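K.L.:
Kindly generate the corresponding structure for this input.
(2 chains)
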2 protein chains.
Amino acid sequence: MSESNAQAESTPRTEPNAQAEEERAAFLRVANRAKEAAAVLAPLPRATKDAALHTIADALVARADEIVKANEGDVARAREAGTSEYMIDRLSLSVARIESIAAAVRQVAALPDPVGETVRGNVLPNGLELRQIRVPLGVVGIIYEGRPNVTVDAAALCLKSGNVAMLRGSSSAFDSNTALVGIMQDALRSSHPAEPQQRSTDVPPDAIQLVPGTSRESVKHLMRARGLVDVLIPRGGASLINSVVEESTVPVIETGVGNCAVYVDADADVDLAVDILVNSKTQRPSVCNAAETFLVHTDIADVFVPRALEALRAKGVTVHGDDRVRSYGDDVVTATEDDWYAEYLSLDIAARVVDTLEDAVAHIRTYGSGHTEAIVTTSQPAAKRFVALVDSAAVMVNASTRFTDGEEFGFGAEIGISTQKLHARGPMGLPELTSTKYVVVGEGHLKGV
Amino acid sequence: MSESNAQAESTPRTEPNAQAEEERAAFLRVANRAKEAAAVLAPLPRATKDAALHTIADALVARADEIVKANEGDVARAREAGTSEYMIDRLSLSVARIESIAAAVRQVAALPDPVGETVRGNVLPNGLELRQIRVPLGVVGIIYEGRPNVTVDAAALCLKSGNVAMLRGSSSAFDSNTALVGIMQDALRSSHPAEPQQRSTDVPPDAIQLVPGTSRESVKHLMRARGLVDVLIPRGGASLINSVVEESTVPVIETGVGNCAVYVDADADVDLAVDILVNSKTQRPSVCNAAETFLVHTDIADVFVPRALEALRAKGVTVHGDDRVRSYGDDVVTATEDDWYAEYLSLDIAARVVDTLEDAVAHIRTYGSGHTEAIVTTSQPAAKRFVALVDSAAVMVNASTRFTDGEEFGFGAEIGISTQKLHARGPMGLPELTSTKYVVVGEGHLKGV
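P.N.:
Below you'll find the predicted structure:
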């Protein structure tokens, strides 16, 4: 945004308009090519798509030096801009990392193809044969942050599921992403070098697209491309996701914001509860399925809270508690309303003593993000009630919140974790990247005669 | 819109603001009650919901006179406003019609409950038990036109699937809808008259809500109620649906616009093709699954087109054809670009001769609405190719387009026909009114240890 704004202030008005027009035109050219490629890609059989994925993996490894060189430019600019070492690490690519990215592409090739799967089917009373089958969504827009590995991951998952990927990564990784997408497109081109007319049976190079430009406007073009883009998946923080939901006319799948809670019931095994809480909070604090809150039943608070505070202290966790939690430890910080809403992604956790299971559910309903909640209990009725009442994508019984994950769930790969209720909820694997259509076969069936 | 604008011009500025504020506050009160009711309704068992539906059906019949009286006011105002007899007919309620609406509610009660169904489930390698189960969406907003029967239909389908209905019908039916919703709420109230605390095991009266007010603003409140309303289903014409998609921050399921095509292949049985075309166009021209276009392969045009024109003429259909179709009949009107896009909903049809099946698919891709397309052919490869290439919610082989319908598909009832690819595509039954959640049961499972 700052770039184009700065120009708008320092140059005549017509020029940025012309530039904006040109950027929009460039976007529309790419989006139209994507839409055309989607029609070619959709009916391709699994073998063709898998061959393309292996060709891409080979090309990434063969041209790893080019990718590293482009990435070095991005990393140098990020360093100059004072980016944190954590973010620099996420941005950086080495030959070893590129090899592991290529290996992930081969793993996607090994997954079953969701396209063509019959979801339901039967013969209607009038003899019509009805089948509902999985089909690709079409063009999938993905907006993400400064991790260039997502560029390849997302492209591979889209290709496998018969979808064209329209990728819009962080501008901080633009050179890396340009190199990666260029190499993937070259790889697809190489698989049918001689005759362009053969492309209708092969994966078209336009099946992987980078949104042109690095301005905020280029994101807006993607959000307003209804009719050209079939779905938008923003992967990032809450503010990115909110702005996409606000502005997009393309249907959106929200992902990734996780304010997850662990509830320790009156009838809990205390050792097990401490272990699950500590694992949920500290096993990897920076991810969306890490716990950000714990709630404990008043009947077990005297036993559980001191043990929990000790174990969390040993791991360097700061506890933000209500008055009842604070009564168990001098180092517990006073929790504010903001703490109940917080997705810390750090070694912090909010904590509250509740009088009933229903109060725990009410807390989660008010402050949670609908990602993952866990109950620790030995009571079957309590577990059943918690599962029934909690309205989140995943509900754990006596297990760490960290298990909400496509790999853990056996999906093989994951495009993100949906926290919305429409279309997909929870970890999204390849089937979640498809729609369906009904195929109805008759022998001259007429209605009402 | 005109009402509030007129006021804004003729009265001091503060007053309409105050009025708008009040309307917004009224909306938020209703929406918050809806959200609270959703939490109570979601875990209720089937028997409780079915009992509530029968209570509602009884009340509608018992108080039919009240409904008819309220409806007479709406009908009189519509007549004064010069509304067409067709629309008046859709708006009108008689005791007999109310009885058939009540019967439909009882039919919904007889359908299986989608909530709680296990969609998939398995034991993971680490012993975690994973189940994906159907849960209600929560609060479902429905925006529809001047058919008061939709008020009851939609409320019943939502209740059965554990969802709270937020209903926003046409302002022309406001008194009818107010009476209907009032009676349904009274019926729910009557099932637990004594103790309000018993409501946690019964269906709360707030589970059926009418959006307050008749201004355009009240629709906007619904479209901006992200966090209170989980999904919005507009049922109506293309302009209503487009404006909802443009403005809504609540996820939308698009329904109902149907520009359906019948393609007659080179290898078609001509008698069967004529029958399917005439049935698709004329069996009920005013609905979304009626055919609006026919495409015919050049190799069969000499035989098929004259027969088709004759049969359509006999039914009073005006054909809007390209030059090649026009060469077969003097009464064929010249088709314009608009005709290819048209959803006539009348005794009109657009017609074109194509050189190949692929040209027919390209026409459909350019001009179609993705609702239903049919191929008439005796060729298995042609049928397979058409099914693979056409990207619509339903593809018919040797059957009338009129079969795309929840009742016909055996869903028992239908909330609408989705023409979008996300969440639901084609006729939407009760399962399409649900989301899912993952339930994961362990015995102290920790990640990475």
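K.L.:
Around chain B, which positions in the stretch 101-250 of chain A sit nearby?
P.N.:
A:122, A:124-125, A:128, A:130, A:132, A:135, A:137-138, A:226, A:230-231, A:245-246, A:249 (C-beta under 8 Å from any C-beta of the partner chain). Just so you know, the C-beta spots here come from the backbone N, C-alpha and C atoms, and that holds for glycine as well.
K.L.:
Let's see the ChimeraX selection covering just the buried ones among those residues.
P.N.:
The following ChimeraX line selects those of these that are buried, judged by 16 or more other C-beta atoms under 10 Å in any protein chain shown:
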select /A:128,130,132,135,137,138,230,231,245,249
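K.L.:
Show me which of the residues of the stretch 101-250 of chain A next to chain B is closest to residue A:447.
P.N.:
Using C-beta to C-beta, residue A:128 comes nearest to residue A:447 of these, at 10.5 Å.
K.L.:
so who does the closest one touch?
P.N.:
Contacts for residue A:128 (C-beta atoms under 8 Å, 6 or more residues apart in numbering or on different chains) come out as A:440-442, A:445, B:399, B:403, B:408.
K.L.:
repeat that for 10 Å
P.N.:
By C-beta atoms under 10 Å, 6 or more residues apart in numbering or on different chains, residue A:128 lies in contact with A:122, A:440-443, A:445, B:396-400, B:403, B:408-410.
K.L.:
Among the residues of the stretch 101-250 of chain A next to chain B, which ones are in strands?
P.N.:
Using DSSP state E, the subset of those located in strands is A:122, A:130, A:132, A:135, A:231.
K.L.:
where does the stretch 51-200 of chain A dip in pLDDT?
P.N.:
Scanning the stretch 51-200 of chain A for pLDDT under 70 picks out A:191-200.
K.L.:
on that earlier part again, buried among the contacts of residue A:128? Need that as a selection in PyMOL.
P.N.:
A single PyMOL command selects the buried members of the contacts of residue A:128 (16+ other C-beta under 10 Å):
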select buried, (chain A and resi 440+441+442+445) or (chain B and resi 396+397+398+399+400+403+408+409)
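K.L.:
Looking at the contacts of residue A:128, which are in strands?
P.N.:
In this view, the contacts of residue A:128 that belong to strands under DSSP E are A:122, A:440-443, A:445, B:396-399.
K.L.:
Identify the farthest-apart pair in those residues.
P.N.:
Between any two of the ones in strands among the contacts of residue A:128 (C-beta to C-beta), the greatest distance is 18.0 Å, for A:122 and B:398.
K.L.:
tell me the contacts of the closest residue to residue A:411 other than its chain neighbours?
P.N.:
Distance criterion C-beta to C-beta, 6 or more residues apart in numbering or on different chains; nearest residue to residue A:411, sequence neighbours excluded, is residue A:429 at 3.1 Å. Listed by C-beta under 10 Å, 6+ apart, the contact set of residue A:429 reads A:111, A:114, A:157, A:161, A:406-407, A:409-415.
K.L.:
Please pick the buried ones from these.
P.N.:
A:111, A:114, A:157, A:161, A:406, A:409, A:411-415.
K.L.:
And the helix or strand residue A:305 falls within, what does it pack against?
P.N.:
According to DSSP states H and E, residue A:305 maps onto helix A:298-314. Contacts defined by 3 or more C-beta pairs under 10 Å, 6 or more residues apart in numbering or on different chains; DSSP states H and E place helix A:298-314 against strand A:260-264, helix A:270-282, strand A:291-297, strand A:318-321, helix A:323-326, strand A:348-354.
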